[in-house]
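**Q** Quick one, structure for this:
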Amino acid sequence: MDIEKQVRELITEPVEQAGYLIDEVLYVKEDNNNFLRVIIDKNGVIEVEDCVVVSKIINPLLDEKDLIEGSYILDVCSKEKGCE
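**A** As a prediction, this is how the structure comes out:
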């Protein structure tokens, strides 16, 4: 099973319980950095605070399961505003 699918399975339920949807999970390399991008959605507009809330939900789960070898940057963003 690939990393993206494993991460999606790990985080979907707790993120949905908080009122958000997982639109996409991407594990990409840009420049010399690895990014785990979690693109979220909800009824209404996604604000920066929503991304912070979801980050706080999934960060401990990712740390506990340690699915990704090496370092990476967690980037939670919305489909409308895009990821940076």
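**Q** and the closest residue to Gln6 other than its chain neighbours, what does it touch?
**A** If the residues on either side of it in the chain are set aside, Gln6 comes closest to Leu67, at 5.2 Å by Cβ to Cβ, 6 or more residues apart in numbering. C-beta: built from backbone N, CA, C; applies to glycine. Leu67 makes contacts with Ile3, Gln6, Val7, Leu10, as judged by Cβ atoms under 8 Å, 6 or more residues apart in numbering.
**Q** now do Gly70
**A** Per Cβ under 8 Å, 6+ apart, neighbours of Gly70: Asn34.
**Q** what secondary structure does it sit in?
**A** Here Gly70 is coil, with the state taken from DSSP: H, G, I helix; E, B strand; the rest coil.
**Q** Read off the pLDDT value for Cys83.
**A** Looking at Cys83, its pLDDT stands at 67.
**Q** on contacts alone, who are the packing partners of the longest helix anywhere in the chain?
**A** Scanning the chain for the helix with the most residues, using DSSP state H, yields helix 48-65. With contacts taken as 3 or more Cβ pairs under 8 Å, 6 or more residues apart in numbering; DSSP states H and E, helix 48-65 sits against helix 3-17, strand 33-41, strand 73-78.
**Q** Near Ile58, how many other residues are there?
**A** Ile58 has 24 neighbouring residues, counting by other Cβ atoms under 10 Å.
**Q** Please tell me how far the most centrally placed residue in the chain sits from Glu16.
**A** Centroid-nearest residue in the chain, with Cα atoms, centre = their mean: Val38, separated by 2.7 Å. The spacing between Val38 and Glu16, counted by Cβ to Cβ, to the nearest Å, is 13 Å.
**Q** Need the residues touching each of the two.
**A** Common neighbours of Val38 and Glu16 are listed as Ile22 (criterion: Cβ under 8 Å, 6+ apart).
**Q** what residues does stretch 2-18 touch?
**A** By Cβ under 8 Å, 6+ apart, stretch 2-18 touches 21-22, 25-27, 36, 38, 40, 53-54, 57-58, 61-62, 65, 67-68.
**Q** ok so, going back, reformat the helices and strands packed on helix 48-65 as CSV; add mean pLDDT.
**A** Output for the helices and strands packed on helix 48-65, formatted as CSV (pLDDT from 0 to 100):
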stretch, mean pLDDT
helix 3-17, 96
strand 33-41, 96
strand 73-78, 94
